[in-house]
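1. starting from these lines, generate the structure:
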Amino acid sequence: MTKTKKPAADKVEQQTKTGQKSANVMHAKNEQLQDMLRRTLADYQNLERRIEEERKQLSKLSALLLIEKLLPIADNLESAQDHIQDEGLAIVIKQFKDILTSEGVEEIQAEGQTFDPNFHEAVEIQQGREDNKIVKVITKGYKIEDKVIRPTKVVVERSQAESVNEPKTDTASDASDFVQSH
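-> Okay, the predicted model is just below:
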C-alpha cells in the first residue's frame with residue numbers, strides 16, 4: 001500500500017505546484033488587466049479634457065468671427081453719431097460697446113502712441129517732428145487679450161516724410177517699411 005500512496009502523493013504535490021503556477025499566472029494576468037484598465041481610464045479622461053478644451057476654443061473662435069463681422073457696424077454707428085449727434089444713437093453705441101467689452105474686446109489705443117506693427121497698420125506717412133509717432137487714427141483697431149482682431153489703421157509722423165514710391169534709404173523706419181510692404 002505504501003507504493004500506491006507515494007505516486008498519489010507525488011500526483012497531489014504536482015497538482016498543487018501546477019495550481020500555484022496557475023494561480024501565479026492568473027494573478028499576473030489580473031495585474032496586467034488592472035494596469036491596462038488604469039491606462040485606458042487615464043487615456044479616456046485625457047481625451048475628455050482635450051475635447052472640452054477644443055470645444056472652448058471653437059466657441060471662442062466662433063465668437064471672434066462674429067465680433068469681427070460686427071466691428072464695421074460699430075464704425076458706421078460711430079460715424080453716424082459724429083454727424084447727427086443723436087442721444088438715442090449714443091445709447092445704442094454704448095450698449096454695443098458694453099457687449100464687446102463683456103466679451104473681452106478692447107480698443108487698441110493708438111493716437112499719440114509709438115507705431116507698433118503688431119497693433120497698427122500705417123496707411124499714410126506725414127511729415128512732422130517725431131519719427132514713428134501716430135498722429136491720427138483712421139479706423140479703430142480691436143483686440144481680445146493680446147490677439148489682434150483688427151489692427152488700428154493710422155497716420156504716422158516722420159521727421160522727413162518719404163513717398164511710398166521713392167526708393168528706401170538706410171534711415172527708413174518701421175512704419176515706412178510696413179507701409180511699403182503692404
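2. Asp35 - how many residues pack around it?
-> If you count neighbours by other Cβ atoms under 10 Å, Asp35 ends up with 10. C-beta: built from backbone N, CA, C; applies to glycine.
3. ok, it to Glu111 distance?
-> From Asp35 across to Glu111, the span is 64 Å (Cβ to Cβ, to the nearest Å).
4. just for the protein, where's the confidence low?
-> The chain contains residues with pLDDT under 70 at 1-12, 161-182.
5. which secondary structure element contains Gly88?
-> helix 87-102 (DSSP states H and E).
6. ditto for Gln126
-> strand 120-127.
7. check Val155 too.
-> Assigned by DSSP H and E, Val155 falls within strand 152-158.
8. centre of the chain versus that strand, how much separation?
-> 27 Å (Cα atoms, centre = their mean, to the nearest Å).
9. ok, stretch 43-53 next?
-> 19 Å.
10. cool, and stretch 131-143?
-> 24 Å.
11. what comes up buried for that stretch?
-> Neighbour counts over stretch 131-143 (16 or more other Cβ atoms under 10 Å) mark 131-135, 137, 140-143 as buried.
12. what do you get for stretch 65-79?
-> By neighbour count on 16+ other Cβ under 10 Å, the buried set for stretch 65-79 is 67, 71, 74, 77.
13. surely the third one meets Asp98?
-> So that's Ala74. No. Contact criterion Cβ atoms under 8 Å: Ala74 and Asp98 do not qualify, at 11.6 Å.
14. circling back to that earlier point, which other helices and strands does the helix or strand following the helix holding Gly88 contact?
-> Per DSSP H and E, the first helix or strand lying C-terminal to helix 87-102 is strand 105-108. Helices and strands touching strand 105-108, by 3 or more Cβ pairs under 8 Å, 6 or more residues apart in numbering; DSSP states H and E, are strand 141-144.
15. give me the packing partners of the strand it packs on, helices and strands only.
-> helix 2-84, strand 105-108, strand 147-150.
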